[in-house]
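[1] Pasted the sequence and its predicted model underneath.
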Amino acid sequence: MIADRVGLIAIAVVLTVVVAVAYLRLGDRALAKLPWAWNRRLVPWLFLGPAALIAGLALVFPGVSTIILSFFDAKGTTFIGFDNYSSALSDPVTLIALRNTALWVALLPTLAALVGLVIAVLADRVAYGGLVKAALFLPIAVSAVAAGVIWTFMYDYQPPVAAQTGTVNALLTVLTNTDPIAWIIDAATNNYALIAATLWTQAGFAMVIFSAALRSVPDELLEAARLDGASEWQAFRHITLPILVPTVVVVTTTITVIALKAFDIIYVMTNGAYGTDVLSTLMYRELFTARDSGGAGAIATMLMIAVLPIMIYNLRQFRHSGREA
Amino acid sequence: MQKTRSTSAMFGTAVLLLAGCGGSGSDSDAQATDPASNAAREAALEAAGGEELGGSVSMLGLLGGEELDAFLSVLKPFEEATGIEVQYEGTRDFAAVLQTRVEGGNPPDVVETPAIGEMSAFAEEGTLVDLREVLGNDVLDANFSPSLIETASVDGEVFGIFSTVNLGGLIWYDPSTYEGPTDPASWDELQAWAEQAAGDGSTPWCVALESGAASGWPAADFIDEILLRQAGPEFHKRWSDGLEPWTSPEVRAAFETYGETVAEGLVYGGTTTALSTNFAEAATPIYADPPGCSILQQATFMGGIITDSLPDLEPGETLDFFPVPDFDPAFPGIRSISGEIVGMINETEQSVALVKYLASPEAGTLLAGTGRWLSPNLNVEDSVYEDPFLRRASEVLVEAEGTYSLGNSLMPQTTVDAFWKAGLDYTQNPGDLDEILATIEETR
């Protein structure tokens, strides 16, 4: 069974390379026979073609059909205009989900950037920095479902009379001598607890990017600043941070998108119970429980619209930094 | 729905927590030559039309862990006799996986699920094969009771045959420490004891509702059972069919009766503990010293789940059950069942052979011998239950005045989901009952 699959993978890898090389070679040769002006015009398309085709099939086509579906009924047969949107927006559960999604978008990128930046800056200054970085980086390798299961155990609640088996409550009760908290059930804490669990999987990513960006801060600038009597904070605030701004933008936009599509951890830990629904858990339920492709399409379209400004801003930043370089 | 849940428990506890617990490999070796396996092999060969068909059949279901091992041991004689390989794929996300594969044109040949209402939606779309034609009237009527056939039918077509059955509404307890009535005449008598015990400073009820994405189902199942036996089977049937509103006084009363078990002081650790404890861990406080609680309401499969994590328990001495007593003298001796059905999507020689085999009394006998489920097959004798709990459960079923399916397994999945969530919300905020019932009513 596994041998079969390894064989298949090997064939696929070889085939992909062969086809790609053949396509470019043959295409290039064919274009070379054309007049120079035509050649100039068509060569970019030769190279863009495959990527454009794949993006069209995997992104544009499903995206457009999702938007179209959102104007149809559950079975996708009758056109019903904006009914899916109006019924979604009038549902109290959608309003809770919108509130929570906003909370995720506000907290997750900010905290991840903050933690990542602080650790990246400080870890370089201590001998055991590598260890700290590794500890923060490792959770990236944990799948979201596994992270959800792990944090379900971490947040485990036992009645005050029993021994606390969840790490968080064990620490809480021992250190502060208060009653344990049902982190993922109590409406006052559950959304923050879920965001914290996701933060655990994302802060490492932010830190790695910041660590790399920190290497690009010229040492001579920092040295000059220190010689001129700048404090460490002033050097960071006025030299390091301005240089890192593009990185901060990349990190926060990437994690904002992750926050917008947060699903797995919530699905595993609460499945949206106790007021923890977000738009993506709602979309999943519409599609797979209610089997309403129209309703799910409407929520997906709303999510897409929410992501759009962030993507546009991000692309602008890329273009901006591209021009600078 | 029981299997959805116990599967997730297996996923959660058996795989992740008790990664080192022993398997049941020795069972399958021992089965190779016993008469039940031989009979099953003959039945399998007959199901395959007398020849070794070979090939394979894909099956999608929810089982995992030790439950899956038990079920696969039932399929083993079939594979040996017919050469057909059964590729069982177990997933917690059954509905999503099935729907995606059906729409993608790559459905499994055979499906097994407790969500009968969901399967009936697939049947109405024409996805499922009519098993009355596959099996024939004689085989179907000879092996299954009319009510089980009716439960898995839509528009006169049989879209599923029951493969496993659980008896609901049992009170599990530890005979060595429990001091309450073991044969109470009525719910009121049991609850009077519970309140007295609470007055004396102990918490009688063990309740645990957490079950991953299906959290809340233990509450929903119990409320379902209470409604069946408190408002009567006729009302319950109308409610299951969606003809009675969730806001009716009978449904309200059923929620409130359930609420008596999770009232402050009566439930172990308070409602927060009930909400946050996985249902598979529900019995753990019974065996603490001193016991944290003493009675747990759950179906037959709970016996296997409890002994999986506490293998030293002795049936009858440190773990036992009695049926939940009558809620209303007007409806005495009523029992609820739930179970999994097997349906067919692709009609191939191999899938037909498998379904015929699963419908046979020989396969039912093997299933009963696993000690995990009751067999739905009418021709499986009570004497084949080696597990003392299952033997007692089959006696309870025989003595019952009437046996009915739980309503929530028959409802559309959106309603079932809302019912589960309502179980959680009501446990957390009993004061909001009107609002909670109105929310479920809106999903219909």
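    Arrived safely. Numbering: from 1, shown residues only, chains lettered A, B, ... in the order given.
[2] Which parts of the stretch 201-350 of chain B are strands?
    B:205-206, B:295-298, B:320-323, B:334-344 (DSSP state E, counting those that start in this stretch).
[3] Low-confidence ranges, the chain, go.
    Picking chain A for this. A:1, A:321-325 (pLDDT under 70).
[4] I was after chain B.
    Counting by pLDDT under 70, the ranges of chain B that qualify are B:1-33.
[5] Spell out which residues of it are next to chain A.
    B:12, B:16, B:93, B:95-96, B:99, B:121, B:212-216, B:268-270, B:272-273, B:275-276, B:285, B:288, B:292, B:413-414, B:417, B:421, B:424, B:428 (Cβ under 8 Å from any Cβ of the partner chain). In short, each C-beta sits where N, CA and C put it, glycine included.
[6] Give me the subset of those residues that lies in helices.
    Taking DSSP state H, the ones among these that sit in helices are B:95-96, B:99, B:121, B:270, B:272-273, B:275-276, B:413-414, B:417, B:421, B:424, B:428.
[7] buried subset of those?
    Among these, those classed as buried by neighbour count (16 or more other Cβ atoms under 10 Å in any protein chain shown) are B:95, B:99, B:121, B:270, B:272-273, B:275-276, B:413-414, B:417, B:421, B:424, B:428.
[8] Which single residue of chain B ends up nearest chain A?
    B:G269 (2.9 Å; Cβ to the nearest Cβ).
[9] A:A147 versus the nearest residue to A:K261 once chain neighbours are set aside, what's the distance?
    Excluding the flanking residues, the one nearest A:K261 by Cβ to Cβ, 6 or more residues apart in numbering or on different chains is A:S280, at 5.5 Å. To A:A147, A:S280 is 16 Å away according to Cβ to Cβ, to the nearest Å.
[10] same deal with B:G270?
    28 Å.
[11] Next to chain B in this structure, residues from the stretch 151-300 of chain A, please.
    A:156-159, A:161-162, A:182, A:184-186, A:267-268, A:270-271, A:273-274, A:284-285, A:288-291.
[12] could you flag which of these are buried?
    Here, 16+ other Cβ under 10 Å leaves A:156-159, A:162, A:182, A:184-186, A:267-268, A:270-271, A:273-274, A:284-285, A:288-291 buried among those.
[13] Next step: those restricted to strands.
    Nothing among these maps onto strands, per DSSP state E.
[14] List, one by one, the residues from the stretch 1-150 of chain A near chain B.
    A:V149.
[15] isn't the residue nearest to A:K261 right up against A:A262?
    Yes. Counting by Cβ atoms under 8 Å, A:S280 does reach A:A262; the two are 6.4 Å apart.
[16] Show the backbone phi and psi for the residue of the stretch 1-150 of chain A found nearest chain B.
    Chain B sits closest to A:V149 of the stretch 1-150 of chain A, with a gap of 6.2 Å, by Cβ to the nearest Cβ. Per-residue torsions, A:V149: phi -70, psi -40 (degrees, to the nearest 10).
[17] can you count the residues close to B:D289?
    By other Cβ atoms under 10 Å in any protein chain shown, 6 other residues sit near B:D289.
[18] try A:W104
    Neighbour tally, A:W104, other Cβ under 10 Å: 25.
[19] residue contacts, it?
    Applying Cβ atoms under 8 Å, 6 or more residues apart in numbering or on different chains, we find A:W104 in contact with A:N191, A:I195, A:T198, A:A259, A:L260, A:A262, A:V278.
[20] Ok, A:I140 next?
    A:T201, A:Q202, A:G204, A:F205.
[21] at 10 Å instead, please
    A:W200, A:T201, A:Q202, A:A203, A:G204, A:F205, A:M207, A:V208 (Cβ atoms under 10 Å, 6 or more residues apart in numbering or on different chains).
[22] re the thing from before, quick check: the residue nearest to A:K261 touching A:V257?
    No. A:S280 is not in contact with A:V257 according to Cβ atoms under 10 Å; the separation is 11.7 Å.
[23] So between these two, which is more surrounded?
    For A:S280 versus A:V257, the count of surrounding residues by other Cβ under 10 Å is larger for A:S280: 22 against 17.
[24] quick one: the more buried one and chain B, what's the gap?
    13 Å (Cβ to the nearest Cβ, to the nearest Å).
[25] Can you show me the helices along the stretch 101-250 of chain A?
    A:129-137, A:144-154, A:167-176, A:190-214, A:219-227, A:232-235, A:241-260 (DSSP state H, counting those that start in this stretch).
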